[in-house]
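> any chance you can model this:
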Amino acid sequence: MGETTMNRPQGTRGCAYLRVSDGSKQDLDSQRQSIKNWLQQQGLSVQVWYTDSGSRDLAYRRPDFQRMLRAIEAGRWDWVLVDHRDRFGTADHLEFGKFACALREAGCQLWSVSQGDLLRADLAGQVLAVVDSEASHREQQAKSQRSIRGKINGAAKGQWQGGYPGLGFDLACIGRNGEEKWRVFYEGHHKRVRLWPDGRPSERFDGRGNFPGRDPGDTIRLVPSCDKKRIENARLIFRWFATEATSLRALCTRLNSLGISSVIGKGFYPARLGQMLRNPAYVGAVAWNKRGHGRFYEFCNGEYQVVPREKGRAKGGRERQESDHIRSESEGLIDRDVWDLVQAKLRGIHKTGKAPRNPDLWLAGLLYCGQCGRRMSGWARKNNPLCYTCANYKQFGEHNEHGCQLHCVRAEVIEKLLDRYLAESGQKLSTILSVQREDQLLDVLASETDDKMREYLKTLHRVWQEVRRAGAVPPDGQPWCHSNLCDAYRAVSPKQQAEQVHEKREELDGMLRQFARLTNPVAIERMERLIDELGQEIEALEARPLDEVLQSQRDTVLGLEQRLREARTVLAGDQNRQKAQAVGRVLARIVCRFTHQKDKSQVRSILTEVVFEPLFGEALTMPTGMDGRVRDKASL
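Okay, here's the model as predicted:
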């Protein structure tokens, strides 16, 4: 990483990162304004604002943070700016150190408005980083312990502690006098409506975390739903499972085929149904702490304990003994006799362990179903070829909301197509990087469609035009190429750039005088667009020399080519994890599209085309044969 000054980052390619833990728009606006003020003082600007809402210890779940890291690894940014170190968001000083090393290796600086250079190598900077990270970690632990203590007290009093109510239940706000003031009726995932018992108009409270506020002294409790049909469906489910020789999966298939709504989610599947059938709220015993989800502290074995971690992360859904459950009484929906039969049957179900991941199905994280958009799952069947299949069909069966069938594709087919894509993409990039003479530029530009490559070629052509207009010629016996074009441009650019800015400012002044005389709305709108475009051109000329823009674009293309080479090299070996990582640095996802064909009583899914979507640039579609096999090169 390049050296930095004492008060500002080096380089012109900067981005800013904003983060709040609770989605507060006010806090986001405050961070944004603080960063803007600092940038103005330093005479800098950022090209991209990354924004997240999420806890500081869950960096792997914050989408914009991960996008920013990928861009840094690709060499896109010279520096990142945050309002405060804490906004960058790490679990502790060890995780901060991991990201600090990644930024340093990518030649990217990390700056804070309030603390300056966060990656400085002096002892004071390193001590400050550890102290701040440890203080942040202790703050999270203290909040966690206070939260658990409050939940235990509230659960013992019958107060609802969060989450969705089960099928057949609503959430009611009970006042100090013990009467219902209003209730929340769920219509779907993050879709809520508040209902008033006195007949007042209902109010919608859709969106994540958007729950009606309550007055001091009010409590939220679980109550039977005002929708009698939901109560009837819940009782039917318990009765069918208790009295019929049916499995969880078979019962899910029946419920989905009958169109019985699960309210939350897209349908019934065994894990969801089993959780419902084990919920003691259906017999009037609301329980909290059946599973542990806290990331710092938990209530286990009758005491507060630090949450154990696996590979640095807290495992969610940790099962609790019944002695740790915090229970309170409520109004149930199911008879005790039916409940006992259901629990006895559930205890008799043999739990199969989760199948280990097959290392040969290494593309599972990149493959997506083209019909429902979900990731495809690896499928390793005994005595059958390794395959990937639609996770939506695998979870909900044929009665899923997207109408997905099995959508199965062999691993070998996808790997062959991937290898061909990487070979062809690498060849395109190599063609772009080998351009040296001006008479090649427009020909290559016309043949290439990738955005990044086209930007580079356009800028290269502009530099060539500026140099030629100034009367410069290439060195003796050499054609124009990237390096000598940049050298020539730097020799003539100050005067040339000043003349261009002067000409464009005069043109802008003329437009403004003409704009003042216009009365026709259509002409006014067109002139506004032209004035805005011309203003952007002037800003670009004044803000950054053309040769710097060109070099930045070339670095991006070179980085892409390097990653494609790495991916192809790794694919030639047998290190599957390395394969997945290498391909993930080039591709965002691989989309598989299918058609369906009737085969006697069954419907066959046939792979018709595969779409490769790169991290940068345009997608490439590769068709397959009607039998799902890769076509030969001529037919592609």
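
> so which residues of the stretch 301-450 of the chain form helices?
Using DSSP state H, counting those that start in this stretch, the helices of the stretch 301-450 of the chain run over 336-347, 391-396, 411-433, 438-447.

> and these, which one's lowest on average pLDDT?
Note on these: lowest mean pLDDT is at helix 438-447, with a mean of 48.

> after it comes which helix or strand?
Counting by DSSP states H and E, the next helix or strand C-terminal to helix 438-447 is helix 451-469.

> list the buried ones in that following helix?
For helix 451-469, the buried set under the neighbour-count rule, 16 or more other CB atoms under 10 Å, comprises 452-457, 459-461, 463-464, 466-467. Using the backbone N, CA and C atoms, a C-beta is placed for each residue, glycine as well.

> in a markdown table, list those residues along with distance to Ser114 and pLDDT.
Shown next, in a markdown table, are those (distance: CB to CB, whole Å; pLDDT from 0 to 100):
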| residue | distance to Ser114 | pLDDT |
| --- | --- | --- |
| Lys452 | 35 | 71 |
| Met453 | 40 | 71 |
| Arg454 | 40 | 72 |
| Glu455 | 36 | 77 |
| Tyr456 | 38 | 78 |
| Leu457 | 42 | 77 |
| Thr459 | 37 | 80 |
| Leu460 | 41 | 81 |
| His461 | 44 | 80 |
| Val463 | 40 | 81 |
| Trp464 | 45 | 82 |
| Glu466 | 42 | 78 |
| Val467 | 45 | 80 |
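
> from these, which is closest to Val193?
Lys452 (46.9 Å; CB to CB).

> pretty sure the closest one contacts Asp555?
No - taking contacts as CB atoms under 8 Å, Lys452 lies outside contact range of Asp555: 10.7 Å.

> picking that back up, could you export the buried residues of helix 451-469 as CSV, including distance to Asn520?
Formatted as CSV, those follow (distance: CB to CB, whole Å):
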residue, distance to Asn520
Lys452, 40
Met453, 41
Arg454, 35
Glu455, 35
Tyr456, 40
Leu457, 38
Thr459, 36
Leu460, 40
His461, 36
Val463, 39
Trp464, 40
Glu466, 37
Val467, 42
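
> what's the closest of these to Trp240?
Among the buried residues of helix 451-469, Lys452 lies closest to Trp240 (CB to CB), at 57.1 Å.

> ok, that closest one to Met527 distance?
Note on Lys452: its distance to Met527, by CB to CB, to the nearest Å, is 32 Å.

> quick one: residues contacting Leu361.
Neighbour list for Leu361: 378-380, 386, 388, 411 [criterion: CB atoms under 8 Å, 6 or more residues apart in numbering].

> what of Pro280?
Counting by CB under 8 Å, 6+ apart, Pro280 touches 286-287, 327.

> export those residues to a markdown table and tack on pLDDT and distance to Gly178?
Listed next are the contacts of Pro280 as a markdown table, based on pLDDT from 0 to 100; distance: CB to CB, whole Å:
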| residue | pLDDT | distance to Gly178 |
| --- | --- | --- |
| Val286 | 86 | 17 |
| Ala287 | 83 | 22 |
| Arg327 | 80 | 20 |
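
> the longest helix along the chain versus helix 451-469: what angle between them?
Looking across the chain with DSSP state H, the single longest helix is helix 482-517. With axes from the mean of the first three to the mean of the last three CA atoms, to 10 degrees defining the directions, helix 482-517 sits at 90 degrees from helix 451-469.

> could you export whichever helix or strand comes after helix 482-517 as PDB, CA atoms only?
Next helix or strand after helix 482-517 toward the C-terminus (DSSP H and E): helix 521-543. Taking C-alpha atoms only, helix 521-543 is exported to PDB below (Å, rounded to 0.1, in the frame of the first residue of the first chain):
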ATOM      1  CA  PRO A 521     -41.600  22.700 -22.500                       C
ATOM      2  CA  VAL A 522     -40.100  20.100 -24.800                       C
ATOM      3  CA  ALA A 523     -37.300  22.400 -25.900                       C
ATOM      4  CA  ILE A 524     -36.600  23.300 -22.300                       C
ATOM      5  CA  GLU A 525     -36.400  19.700 -21.200                       C
ATOM      6  CA  ARG A 526     -34.000  18.800 -24.100                       C
ATOM      7  CA  MET A 527     -31.800  21.900 -23.300                       C
ATOM      8  CA  GLU A 528     -31.600  20.900 -19.600                       C
ATOM      9  CA  ARG A 529     -30.300  17.500 -20.600                       C
ATOM     10  CA  LEU A 530     -27.700  19.000 -22.900                       C
ATOM     11  CA  ILE A 531     -26.600  21.500 -20.300                       C
ATOM     12  CA  ASP A 532     -26.300  18.700 -17.700                       C
ATOM     13  CA  GLU A 533     -24.200  16.500 -20.000                       C
ATOM     14  CA  LEU A 534     -21.900  19.400 -20.900                       C
ATOM     15  CA  GLY A 535     -21.500  20.300 -17.200                       C
ATOM     16  CA  GLN A 536     -20.500  16.600 -16.400                       C
ATOM     17  CA  GLU A 537     -17.900  16.700 -19.200                       C
ATOM     18  CA  ILE A 538     -16.400  19.900 -17.800                       C
ATOM     19  CA  GLU A 539     -16.200  18.400 -14.300                       C
ATOM     20  CA  ALA A 540     -14.500  15.300 -15.600                       C
ATOM     21  CA  LEU A 541     -11.900  17.300 -17.500                       C
ATOM     22  CA  GLU A 542     -11.200  19.500 -14.400                       C
ATOM     23  CA  ALA A 543     -11.300  16.700 -11.800                       C
END
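
> quick one: average pLDDT of helix 521-543?
72.

> nearest residue to Lys598 other than its sequence neighbours?
Distances taken as CB to CB, 6 or more residues apart in numbering put Arg604 closest to Lys598, at 7.7 Å, once the chain neighbours are dropped.

> ok, now how distant is Arg85 from Arg249?
Separation of Arg85 from Arg249 (CB to CB) stands at 49 Å.

> burial count for Ala106?
The local packing of Ala106 (other CB atoms under 10 Å) involves 17 other residues.

> what does the pLDDT read for it?
Ala106 is assigned 89 on the pLDDT scale.

> need phi/psi at it.
Backbone torsions of Ala106, given as degrees, to the nearest 10, read phi -90, psi 0.

> follow-up on the earlier one: neighbour-wise, give me the winner out of the contacts of Pro280.
Going by other CB under 10 Å, Val286 tops the contacts of Pro280 with 24 neighbours.

> name whatever forms a beta bridge with that one.
For Val286, the beta-bridge partners under DSSP bridges are Ser328.

> so it makes contact with Ile326?
No - counting by CB under 8 Å, Val286 does not reach Ile326; the two are 9.2 Å apart.

> can you pull the residues that touch both of the two?
Contacts common to Val286 and Ile326, judged by CB under 8 Å, 6+ apart, are Ala155.

> confirm Gln597 sits in a helix?
No - using DSSP: H, G, I helix; E, B strand; the rest coil, the secondary structure at Gln597 is strand, not a helix.

> what helices and strands are in contact with the longest helix of the chain?
When contacts are defined as 3 or more CB pairs under 8 Å, 6 or more residues apart in numbering; DSSP states H and E, helix 482-517 packs onto helix 451-469, helix 521-543, helix 546-571.

> to Leu44, which of the ones you listed lies closest?
helix 521-543 (10.5 Å).
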